[in-house]
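S.K.: Dropping the sequence and predicted coords here.
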Amino acid sequence: MLSTRTSRAKAAEVLADMTEEILRVEGLKTRFFTDEGQVNAVDGVDIAIERGDTYGIVGESGSGKSVTARSIIDLIESPGEITDGRILYRNQEFADGIRDDNPDAVDGAWVDLRGVSSSVRRSLRGSNFSMIFQDPQSSFNPTITVGEQIAEAVEVQRRASANPRSTRARSKEYTLTSLALGTILPSKRYVTPASRERAIELLELVGIPDPVERADEYPHEYSGGMLQRAMIAQALAGEPDVLVADEPTTALDVTIQAQILDLLDDLQEELGMTILLITHNLGVVARMCDRVGVMYAGEIVERGTLEDVFDDHVHPYTRGLLGSVPDLEGASDRLQPIPGNVPSLLDHEMNRRCHFADRCPKAMEACLEHPSEHSARGSDHHAARCVLTRTEYDEARALADGYFDEADRPAGDKHVGPDERDETLDEDRQHPPAETTGGEHQ
Amino acid sequence: MSADDPLVRVDGLQKYFWENDSLLDRLFGDDPVPVRAVDGVSFDIREGETLGLVGESGCGKSTTGETLLGLQDPTDGRVEFEGENVYDLSGDDLTDFRRSAQVVFQDPFSSLDPRMTIGDIVTQPLSIHDWPWTDGDVETTVDVRTDGISRDIVTATAADDIDTVVDPVDGVATAHVTVRAIDDESAADVDADGRSVDLASGVVAEVEEDLAVAVDRDDGIVVRVSVDRSTAQLRRDRVTDLVERVGLSADQLDRYPHEFSGGQRQRIGIARALALEPEFVVLDEPTSALDVSVQAQVLNLLDDLQAEFDLTYLLISHDLSVIRHVCDRVAVMYLGEIVEVGPVDDLFEDPKHPYTNALLESVPRASTDERDRDRETLSGDVPSPRDPPSGCRFRTRCPKVIPPEDLEIEQETYRDLMSLRERVERRDVSLESVGDDGQFDLEDGVSDEKRPAFVAALKDRLLERDLPARHDEIVETALAELATEDWDAAAARLREHYESVCERKQPHLGNGHHPVACHLYGEASERTETPRSDP
């Protein structure tokens, strides 16, 4: 570990006894098997989240950040599949409950969620893990009132907690007959008055005025910010340990975004939740997160405390990402964009090299090997997947300009002459690189 | 139009969309309801500058952009482009305006026809406007320079249509030709297509512009300059030029939009907008669909193009950091109105309107200080443009709403009372659910002995803060009216005491360097630089 440590990191060490990791992801790989080929959406991601912290995953679209989040709460559907890695969740009670059935997956208080059956994983959703999505308008059923939808979530949790050892899917007891009966006999309705009460409490908790009346309104009667609040209320129904928030404010205006971020902050303080925040907005990360992981092409390329990543970054991609954001306060210098585009994640188009090398201003010969993760100069938690953690940039060993033009997509920003540009794209399209195992190794 | 006049002058522009306006609604006698998307907007855009139009979604900024270009019919108001009212134009003048004013749309995925190649997409405006244009009134001449030959023996003529390639200056299109004597003809460098250089018995003629030149040596030297390319060729060359200028390559012209990434598509959209050499481009959220690293590329490109082609931009965006980075001046919109206009640095460093201030406060900064920053965020949502608040439209959320002069009250308390009033006036309080189940009987009015309890319960629900005694009394009397469901009386009582200047009078955006539509800054006529201190 290197010497420069922030005071915050020191404070964190003092508190080390009091904090504990609640979720640990190791070597997670999620693949999508599409007609065009295998997509390595998540390619060996390690995350460790401490209880009560907010962990941010930041990256551009297509970097695999949402897929990572969905993998963690087991929402990957065909043609996607988690092909490797461990997702460890610490919960003593839960571990004790399933130890007899799954001795291999349980280690002390830790449970490897990939080692247990899908019904067990499903039982965790809502009660232990919960998710809020980007677009509240499309996440609610437009034909059912908001109150009822939240009450349903409450009801599911309520029925489950009546039988805590049951890890069976919890809504199975509710059949089509029950639905039909429910329309005639109030006593047979799925949602009980107690659940409804709780739904109203939840709406109040997330700051919706007049929750009693608003509970009877339909999603279209809510504004975007209100609906996002309602979705948070729904996610809180099972009092989850970990809340996964996938771009929770991207669809909202800045003044509403500020409200929602304040709300998440308050709720975290009140309920002691752990939040995994997925976003592309570096401002939101700075506002919310204790720890940050920067994703690029399915990998976390740099991670550490907020200070490590924002002030003491090692990876040129992190630098590029921060340099691309126009500064709200400063004078308007020319922006420093990262040239080129996010690479394709198709397995046969990926190389064994550092995936960022073709856009990297500091690419060296060593970058042609796929780098492994090394600790970096910041706090104990700071690590980066870059050769610059080990060596200084050496111009003598830098790759020549245009080194990747033969095999890679051209940079988009520069005003490159047509001759230079012509072959590159064609080559890329017509003769994809021969290696097909690119990105598989660490 | 004099040099000081703005390129675009928008004056009182209004655009209403009508609801309940179908035939059936008319038959049933329902009155149409206007949605006041843009409600009296005025601003100038000077030549060569970038004006930013910023606001939250639904504030009417995109509608302003579209209406200003004539893509929507305005409800009222004028837009002058180079001194002429755009809405009065017809025929050729209108075509000219459409040529000079272009737009780049927000979503690069839906603004390009998926069945056209990008070459076709960029060529389309050229064919619609019948580019290249030649004007019979334009004279064509050749400016000849000689090297080693007497100027007198050279006669030069230009074809009438070279103004398709050469921009005429003051009605004259001039081609520049150099005629040199050479000893060794084989040593002369003739370019690949052999177009712009021609040889004839010891003389070489070279044209600077993208034209063809022919030279003959007879008695004297005769030079002829012409356009020897077909319209289709000219267009293809122009499109290649444009596409390369925005950072794509010419061999991509035959590809379809789906083969490109978002950033590349946005570049195509920009190339299309620039095809007709516009003077003015409306950029409607040009980077909001893009990732931040690609956004930076596109912003830099727009900056370069502006410098190269002397463009004037209207940049519509909700992203304040983009606005700050790109614009010279900024107009802030709220609910169909402009609340503040000013030079970008003044507006960002010294925002006057409370809304501008709140917007700036709300943006999370990408820096590690962000967590400790004091934020003053707004509560509540944007009101509906169907029924905008009277007076200042921001008053329902404004943290600095102005209390009546004689009222001794804390600003925050006053804000709470105003929100309470708002709800009473909208009858947006559920009286049935006050107190425990069935505690108060509203059907016949709450009985007298229960009234204090009802008022206390209601007040407890509506107000979080304790009020000073004087205001407590007023509020309690007003809420007591609600016990008999007399909304009007309650509203009237509250209005009597708490009516603000912000709801009585609409603030006007004045003229000048950095006008702001807010009563805190006095009337437009007696506008002062310092805000009135809070009582």
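M.R.: Nice, thanks for sending it over. Numbers count the residues shown, from 1 in each chain, chains lettered A, B, ... in the order given.
S.K.: Please count neighbours and contacts with C-alpha atoms only from this point.
M.R.: Noted.
S.K.: Around the residue of the stretch 301-450 of chain B found nearest chain A, how many other residues sit close by?
M.R.: Going by Cα to the nearest Cα, chain A is nearest to B:Ala366 of the stretch 301-450 of chain B, at 3.9 Å. Neighbourhood size, B:Ala366 [other Cα atoms under 10 Å in any protein chain shown]: 20.
S.K.: in stretch B:265-282, what's buried?
M.R.: Buried residues in stretch B:265-282, defined by neighbour count with 16 or more other Cα atoms under 10 Å in any protein chain shown: B:265-276, B:278-282.
S.K.: about what we covered before: how about the secondary structure of the residue of the stretch 301-450 of chain B closest to chain A?
M.R.: Secondary structure of B:Ala366, reduced to three states by DSSP: H, G, I helix; E, B strand; the rest coil: coil.
S.K.: show me what contacts it?
M.R.: A:282-287, A:322, A:325 (Cα atoms under 8 Å, 6 or more residues apart in numbering or on different chains).
S.K.: 6 Å instead, please
M.R.: A:282-283, A:286 (Cα atoms under 6 Å, 6 or more residues apart in numbering or on different chains).
S.K.: before we move on, the earlier item: just the buried residues of stretch B:265-282: which are in helices?
M.R.: Cross-referencing these against helices under DSSP state H gives B:265-274.
S.K.: out of those residues, what pair is the most spread apart?
M.R.: B:Arg265 and B:Leu274 (14.3 Å; Cα to Cα).
S.K.: Let me see the ranges of the strands in the stretch 301-450 of chain B.
M.R.: Counting by DSSP state E, counting those that start in this stretch, the stretch 301-450 of chain B has strands at residues B:312-317, B:329-334, B:337-343.
S.K.: tell me what the second one is packed against?
M.R.: Same thing as strand B:329-334. Here strand B:329-334 touches strand B:50-54, strand B:337-343, going by 3 or more Cα pairs under 6 Å, 6 or more residues apart in numbering or on different chains; DSSP states H and E.
S.K.: Including distance to chain A and pLDDT, could the ones in helices among the buried residues of stretch B:265-282 go into CSV?
M.R.: Compiled in CSV, those are given as follows (distance: Cα to the nearest Cα, whole Å; pLDDT from 0 to 100):
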residue, distance to chain A, pLDDT
B:Arg265, 11, 92
B:Gln266, 12, 93
B:Arg267, 10, 92
B:Ile268, 12, 94
B:Gly269, 15, 94
B:Ile270, 14, 94
B:Ala271, 14, 94
B:Arg272, 17, 95
B:Ala273, 18, 94
B:Leu274, 17, 93
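S.K.: Chain B contacts on chain A?
M.R.: A:60, A:253-255, A:258, A:282-284, A:286-287, A:324, A:326-328, A:332, A:335, A:337-338, A:413, A:415, A:418 (Cα under 6 Å from any Cα of the partner chain).
S.K.: Which residues are in contact with A:Leu205?
M.R.: By Cα under 6 Å, 6+ apart, A:Leu205 has no neighbours at all.
S.K.: What backbone torsions are found at it?
M.R.: phi -60, psi -40 (degrees, to the nearest 10).
S.K.: Then A:His220?
M.R.: Dihedral angles for A:His220 - degrees, to the nearest 10 - are phi -70, psi -20.
S.K.: Identify the residue spatially nearest to it, adjacent ones excluded.
M.R.: A:Pro142 (6.9 Å; Cα to Cα, 6 or more residues apart in numbering or on different chains).
S.K.: any idea of the mean pLDDT in stretch A:74-82?
M.R.: Mean pLDDT, stretch A:74-82: 89.
S.K.: where's A:Cys250 relative to chain B, distance?
M.R.: Not Cys; residue A:250 is Thr. 11 Å (Cα to the nearest Cα, to the nearest Å).
S.K.: residues contacting that residue?
M.R.: A:Thr250 neighbours (Cα under 6 Å, 6+ apart): none.
S.K.: secondary structure class for residue 178?
M.R.: Going with chain A. helix.
S.K.: That was the other one, I meant chain B.
M.R.: strand.
S.K.: count of neighbours near it?
M.R.: Neighbour number of B:Thr178 under other Cα under 10 Å is 16.
S.K.: from the contacts of B:Ala366, which single one is nearest chain B?
M.R.: A:Gly283 (3.9 Å).
S.K.: Near that closest one, how many other residues are there?
M.R.: A:Gly283, neighbours per other Cα under 10 Å, totals 18.
S.K.: Show me what counts as buried in stretch B:257-266.
M.R.: For stretch B:257-266, by 16+ other Cα under 10 Å, it's B:257, B:261-266.
S.K.: Let me know the closest of the ones in helices among the buried residues of stretch B:265-282 to B:Arg217.
M.R.: B:Leu274 (41.8 Å).
S.K.: quick one: stretch A:21-33 to chain centroid distance?
M.R.: Stretch A:21-33 sits 11 Å away from the centroid of its parent chain (Cα atoms, centre = their mean, to the nearest Å).
S.K.: Any residues of chain B in contact with chain A? List them.
M.R.: B:56, B:247, B:249, B:291, B:293, B:296-297, B:321, B:325, B:362, B:364-368, B:370-371.
S.K.: go again using 7 Å as the cut-off
M.R.: B:56-57, B:245, B:247-251, B:291-294, B:296-297, B:300, B:320-322, B:324-325, B:359, B:362-368, B:370-371, B:377-378 (Cα under 7 Å from any Cα of the partner chain).
S.K.: Now do the contacts for the spatially most central residue of chain B.
M.R.: Residue closest to the average C-alpha location in chain B (Cα atoms, centre = their mean): B:Ile316, at 3.3 Å. Going by Cα atoms under 7 Å, 6 or more residues apart in numbering or on different chains, B:Ile316 touches B:52-54, B:61-62, B:283-285.
S.K.: same question, B:His176
M.R.: B:142-144, B:207-209.
S.K.: List the ones among these that fall in strands.
M.R.: Counting by DSSP state E, the contacts of B:His176 place B:142-144, B:207 in strands.
S.K.: where does the stretch 201-350 of chain A dip in pLDDT?
M.R.: A:330-332 (pLDDT under 70).
S.K.: Please enumerate the helices of it.
M.R.: Under the criterion DSSP state H, counting those that start in this stretch, the stretch 201-350 of chain A contains helices at A:211-214, A:224-235, A:254-271, A:282-288, A:306-311, A:316-324.
S.K.: Domain-wise, how is chain B divided?
M.R.: For chain B, automatic domain parsing gives the domain ranges B:139-231, B:411-499.
S.K.: Span of the longest one from start to end?
M.R.: The first residue of domain B:139-231 is 20 Å away from its last residue (Cα to Cα, to the nearest Å).
S.K.: repeat for stretch A:57-66
M.R.: For stretch A:57-66, the end-to-end distance is 9 Å (Cα to Cα).
S.K.: Count the residues that sit near the closest residue to chain B within the stretch 1-150 of chain A.
M.R.: Closest approach between the stretch 1-150 of chain A and chain B, counting by Cα to the nearest Cα: A:Glu60, at 5.8 Å. By the criterion of other Cα under 10 Å, A:Glu60 has 22 neighbours.
S.K.: That one should be in a strand, yeah?
M.R.: No. Counting by three-state DSSP, one finds A:Glu60 to be coil, located in no strand.
S.K.: Let me see the backbone angles for it.
M.R.: phi -80, psi 170.
S.K.: right, and it touches B:Ala289 too?
M.R.: No. A:Glu60 lies out of contact with B:Ala289 (Cα atoms under 7 Å); the separation is 11.6 Å.
S.K.: just to revisit the earlier point, with neighbour count and pLDDT added, can I get the contacts of B:His176 in JSON lines?
M.R.: Output for those, formatted as JSON lines (neighbours: other Cα atoms under 10 Å in any protein chain shown; pLDDT from 0 to 100):
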{"residue": "B:Val142", "neighbour count": "19", "pLDDT": "89"}
{"residue": "B:Asp143", "neighbour count": "13", "pLDDT": "89"}
{"residue": "B:Val144", "neighbour count": "19", "pLDDT": "89"}
{"residue": "B:Val207", "neighbour count": "22", "pLDDT": "86"}
{"residue": "B:Glu208", "neighbour count": "13", "pLDDT": "84"}
{"residue": "B:Glu209", "neighbour count": "16", "pLDDT": "84"}
